[in-house]
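Student: here is a sequence with its predicted model. Questions after.
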Amino acid sequence: MDSDVTSTDNFLKLKRILQDFQSRRINRTYKDIEADPEFAKIGNFFFKKLYAPEDFSFRDTSMKKLHKALDGKVYKNMLTAVTKVIELHDISDEQDNLMVERMIEAGVDDSMTMEQYQKIYVSLDNYDQRIYQINLSAEVTRIFHGLSKKWIVAVSLRTVKTTAFMFGIKEIIDFIYDGYVSFKTIDNIDFFVDTMVQRELSWHNEIWATITGKTV
């Protein structure tokens, strides 16, 4: 999509509205997880930071800087994990941009209803892409949970944190470190990931069935 279009004030305003809408849906879907003391830290990271409708423009400019800055300086598998995060971010951002484009075409504003959202969601005709996005999110979660159990990752992050400001990646390093600390509190990630995949697939299929009238 043309970057000139996606950087206009109206486009960015609608994108924020869309992300706020999606964030509220996610918080409703996982309110039981958020309330569970066992998942308090990871729930806060996922639902209040990772999926919150905040200004995450620093991620757009910092992710690839981060990849370059980490190369050769940290545990190799951590760099692989960051590559996966970049892919997930790019897919999610692309889907949001396509949604906003359709919102503009449909004349949808800040009073977007669930029916309008669902119709726009299905109109993109990207059922398989959304499935891939859900599965990639689960894969990334499992990878980072595994990394959080390795002492060398903690050492790598602390080392990078000391030089992050010079590379212009302090915010993204702080963000990843918060995630590391959150993941480290969970011994077994299976319940969290399996619940996320099951609920997101159900939500995805429910939208398709509601709008198309066909059971997926």
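Tutor: Looks like it arrived, so ask away. Numbers count the residues shown, from 1 in each chain.
Student: going forward, measure contacts and count neighbours with C-alpha atoms only.
Tutor: Will do.
Student: run a quick neighbour tally on residue 85.
Tutor: 19 (other CA atoms under 10 Å).
Student: pretty sure it contacts residue 141?
Tutor: No. The pair residue 85 / residue 141 is not scored as a contact, 9.4 Å apart, by CA atoms under 8 Å.
Student: now the helix or strand hosting residue 81, how far from the centre of its chain.
Tutor: Using DSSP states H and E, residue 81 sits in helix 76-106. Taking CA atoms, centre = their mean, to the nearest Å, the mean C-alpha location of helix 76-106 is offset from the chain mean by 8 Å.
Student: quick one: distance of the helix or strand following that helix to the chain centre.
Tutor: Scanning forward in sequence from helix 76-106 by DSSP H and E, the next helix or strand is helix 114-123. On the basis of CA atoms, centre = their mean, helix 114-123 sits 20 Å off its chain's mean C-alpha point.
Student: against which helices or strands is helix 114-123 packed?
Tutor: helix 76-106, helix 190-212 (3 or more CA pairs under 8 Å, 6 or more residues apart in numbering; DSSP states H and E).
Student: for residue 137, which of those helices is the nearest?
Tutor: Across the helices and strands packed on helix 114-123, residue 137 has its closest neighbour in helix 76-106 (6.8 Å, CA to CA).
Student: which residues belonging to the closest one are considered buried?
Tutor: The neighbour-count check on helix 76-106 (16 or more other CA atoms under 10 Å) flags 78-79, 81-89, 91, 95-103 as buried.
Student: what helices or strands is that helix leaning on?
Tutor: For helix 76-106, the elements it packs on are helix 9-29, helix 57-70, helix 114-123, helix 127-148, judged by 3+ CA pairs under 8 Å, 6+ apart.
Student: any idea which helix or strand in this structure has the lowest mean pLDDT?
Tutor: Using mean pLDDT, DSSP states H and E, helix 57-70 stands out as the lowest-scoring helix or strand of the chain, at a mean of 63.
Student: for the helices and strands packed on helix 114-123, which has the smallest mean pLDDT value?
Tutor: With a mean of 86, helix 76-106 has the lowest mean pLDDT of the helices and strands packed on helix 114-123.
Student: thought residue 88 was touching residue 135?
Tutor: No. Taking contacts as CA under 8 Å, residue 88 lies outside contact range of residue 135: 10.0 Å.
Student: quick one: buried residues of stretch 127-134?
Tutor: So for stretch 127-134, counting by 16+ other CA under 10 Å, buried means 130, 131, 133, 134.
Student: tell me if I'm right that the third one and residue 91 touch.
Tutor: So the one you mean is residue 133. Yes. Applying CA under 8 Å, one finds residue 133 in contact with residue 91, separated by 7.1 Å.
Student: sorry, back to before: between the buried residues of stretch 127-134, which is closest to residue 111?
Tutor: residue 130 (24.6 Å).
Student: mind checking how far residue 215 is from residue 206?
Tutor: Going from residue 215 to residue 206 by CA to CA, to the nearest Å gives 8 Å.
Student: who has more neighbours, those two?
Tutor: residue 206 (17 against 10).
Student: sorry, back to before: any chance of the helices and strands packed on helix 76-106 in JSON lines, with distance to residue 193 too?
Tutor: Converted to JSON lines, these look like this (distance: least, CA to CA, whole Å):
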{"stretch": "helix 9-29", "distance to residue 193": "14"}
{"stretch": "helix 57-70", "distance to residue 193": "23"}
{"stretch": "helix 114-123", "distance to residue 193": "23"}
{"stretch": "helix 127-148", "distance to residue 193": "6"}
